[in-house]
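Trainee: Here is the input, now give the coordinates:
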Amino acid sequence: RRVLFRSSSNGNYYDQSQVARSLAFGTYDRLEGWTEAQVPGSKERLMATTALYAGVALEHFGTFYCEMTIDNGPLMSPSQTMDMAEDWINTALGHIQNTGDFAIDHGATNSARTMALALRARIRWHSGDWAGAAQDAAQVPMGYTAWVVRDVGPQRRKIGRAHV
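Mentor: Okay, the predicted model is just below:
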């Protein structure tokens with residue numbers, strides 16, 4: 001099985017991905033400080049979704065850029081960026097385990113867990129962890145697609161998809 005991530009490109013793609021990554025990091029941090037009662041819906045589901053989107057952005061950076069910096073930090077290699085992406089995906093999987101699998105709004109995916117496994121398979125493949133990538137990809141149904149988009153509704157622009 002192959003897990004593909006296809007993306008469109010334009011001059012603003014990097015900036016938009018960094019904004020999304022920064023928003024995910026900040027939102028996750030805020031959610032950590034709130035109680036379940038303070039968060040409408042499910043705090044665990046929101047934290048899982050936020051962690052997934054942080055992982056998506058980092059996976060993109062680790063795949064396509066020679067070096068990366070996060071919030072004025074030190075330069076990171078693609079390997080370091082992928083390690084951080086995998087940490088975020090593992091965090092998402094922990095939340096999903098706590099809450100149970102769920103769909104992500106606006107048609108992103110019908111299974112947050114499957115999206116996380118598809119993304120982690122890509123990350124592990126890029127990192128040279130062939131056994132881990134194969135193990136994750138084997139849990140993703142053939143033909144599965146998850147969408148990562150910039151907009152919702154009829155205006156949505158497809159940024160990429162995790163696809164097996």
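Trainee: Strands of this protein, start to end?
Mentor: 4-7, 145-149, 158-163 (DSSP state E).
Trainee: Would you give the sheet partners of the second one, along with the direction of each?
Mentor: I take that to be strand 145-149. Paired strands of strand 145-149, with direction, are strand 158-163 (antiparallel) (DSSP bridges).
Trainee: pLDDT (mean, whole number) over the strand it pairs with?
Mentor: The average pLDDT within strand 158-163 is 48.
Trainee: Excluding covalently adjacent residues, which one is nearest to Q139?
Mentor: Of all residues not flanking Q139 in the chain, L117 sits nearest, at 5.0 Å (C-beta to C-beta, 6 or more residues apart in numbering). Just so you know, the C-beta spots here come from the backbone N, C-alpha and C atoms, and that holds for glycine as well.
Trainee: Please tell me how far T145 sits from L75.
Mentor: 33 Å (C-beta to C-beta, to the nearest Å).
Trainee: Settle it for me: which of the two has more neighbours?
Mentor: T145 (16 against 10; other C-beta atoms under 10 Å).
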